[in-house]
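Asks: got a predicted structure here, sequence first:
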Amino acid sequence: MDDGQRVKNGGVTLCTDSYKHEEIEILRPVLKDNFNLSSSIHSKKNNDSFYERIYLNKANFELFKPSLIPHIHKTMLYKINEEETIIQDSSNIVDDYSDPNDIFIE
């Protein structure tokens, strides 16, 4: 769940930095055949090192996301641009100061 990153435009990058080019070229058709995910390769350069990452564009990834969400821990949903909505239930909270006849002096 942690070897990827969201992209501002809504796409997702799979951090395949340590993969060889040949391995990435094996993985891309597997993603297409098994999950119907079209991808492209984004080349990156960091100091003297060069690496490639698999990129899934927003439109393509949005079709796949519903199948993926049930398998991702809620703390990692931000990685696929899916923020969890937290709703606080305060119905069981006891308020010690609920009597309107009470006078409070500060």
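Replies: Sure thing, it's come through.
Asks: state which helix of the chain is the longest.
Replies: In the chain, taking DSSP state H as the definition, the longest helix is helix 21-35.
Asks: right, and the helix or strand after it?
Replies: Per DSSP states H and E, the first helix or strand lying C-terminal to helix 21-35 is strand 40-46.
Asks: same for that next one, what does it pack against?
Replies: Counting contacts by 3 or more CB pairs under 8 Å, 6 or more residues apart in numbering; DSSP states H and E, strand 40-46 packs against strand 49-56. Backbone N, C-alpha and C define where each C-beta goes, glycine included.
Asks: contact partners of the strand it packs on?
Replies: With CB atoms under 8 Å, 6 or more residues apart in numbering as the test, strand 49-56 has contacts from 7, 11-19, 21, 24, 27-28, 31, 37-44, 64.
Asks: roughly how far does Glu82 sit from Lys20?
Replies: According to CB to CB, to the nearest Å, Glu82 stands 31 Å off from Lys20.
Asks: between the two, which one's more packed in?
Replies: Neighbour count, other CB atoms under 10 Å: between Glu82 and Lys20, Glu82 has more, with 15 against 11.
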